[in-house]
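1. Using only what follows, build the 3D model:
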Amino acid sequence: MTEPPTQASSDCPVLLTIPTQWGDQDAFGHVNNTRSIRWFETARMRYFDLDPIVELLQGTRVGPILVSIHCDYRRQLSHPDTLQVTARVRKIGRTSMVMEHQIFSQQQQLLISEGCSTVVLFDYAKNEPLPVSEELRTIIEALEGRSLDDD
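-> Sure, this is the predicted structure:
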């Protein structure tokens with residue numbers, strides 16, 4: 001069995017440094033598990049704010065919308081700490097993409113939580129999902145440095 005990573009991979013298109021906040025704690029004195037989902041969201045939305053994607057979608061009423069999200073909690077997290085939060089696209093289908101997320105504690109030097117989310121591009125003017133265009137697929141594959149077939 002391989003050991004889990006202890007720090008974020010530097011080749012992720014999105015790698016954020018986020019400090020925990022006092023208000024992230026729950027009544028038991030540890031950072032509430034719901035915060036991982038929020039940090040996934042922050043990294044996911046930063047991904048769609050990367051220049052080539054923003055340039056493609058600018059001036060449209062098209063943007064990402066979350067279909068599903070899953071989180072596996074690996075370790076307890078306490079405040080204060082500084083986190084590394086990543087987002088990358090694992091695969092692209094016809095109408096959706098699967099993103100991977102990881103959160104690392106700098107204090108513990110360990111993986112705290114990891115998960116995935118399924119996202120579709122959504123036309124907010126027409127209130128309907130859109131297929132992933134070849135242009136967007138090409139941009140994302142360039143950001144990821146690899147092919148992202150929906151195998």
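2. For the protein, which segments are assigned as helices?
-> Along the chain, the segments classed as helices by DSSP state H run 34-47, 51-57, 134-144.
3. ok now do Phe104, which residues does it touch?
-> Phe104 is in contact with Pro5, Thr6, Gln7, Ala8, Leu83, Gln84, Val85, Leu110, Leu111, Ile112, counting by Cβ atoms under 8 Å, 6 or more residues apart in numbering. Where C-beta positions appear, they are placed from N, C-alpha and C, glycine not excepted.
4. before we move on, what about Cys71?
-> Asn33, Ser36, Ile37, Phe40, His101, Ser113, Glu114, Gly115.
5. State the distance from the closest residue to it other than its chain neighbours to Gln7.
-> Nearest non-adjacent residue to Cys71, counting by Cβ to Cβ, 6 or more residues apart in numbering: Gly115, 3.8 Å away. The gap separating Gly115 from Gln7 is 18 Å, by Cβ to Cβ, to the nearest Å.
6. counting contacts, what elements does the longest strand along the chain pack onto?
-> Longest strand in the chain by number of residues (criterion: DSSP state E): strand 110-123. Judged by 3 or more Cβ pairs under 8 Å, 6 or more residues apart in numbering; DSSP states H and E, strand 110-123 is in contact with helix 34-47, strand 62-73, strand 96-105, strand 128-130.
7. Looking at those, which one is packed in the most?
-> Mean neighbour count, computed with mean count of other Cβ atoms under 10 Å, is highest for strand 96-105 among the helices and strands packed on strand 110-123, reaching a mean of 22.
8. who does it pair up with?
-> strand 82-92 (antiparallel), strand 110-123 (antiparallel) (DSSP bridges).
9. Of all the residues in the first one, which ones are buried?
-> Right, the one you point to is strand 82-92. Leu83, Gln84, Val85, Thr86, Ala87, Arg88, Val89, Lys91, Ile92 (16 or more other Cβ atoms under 10 Å).
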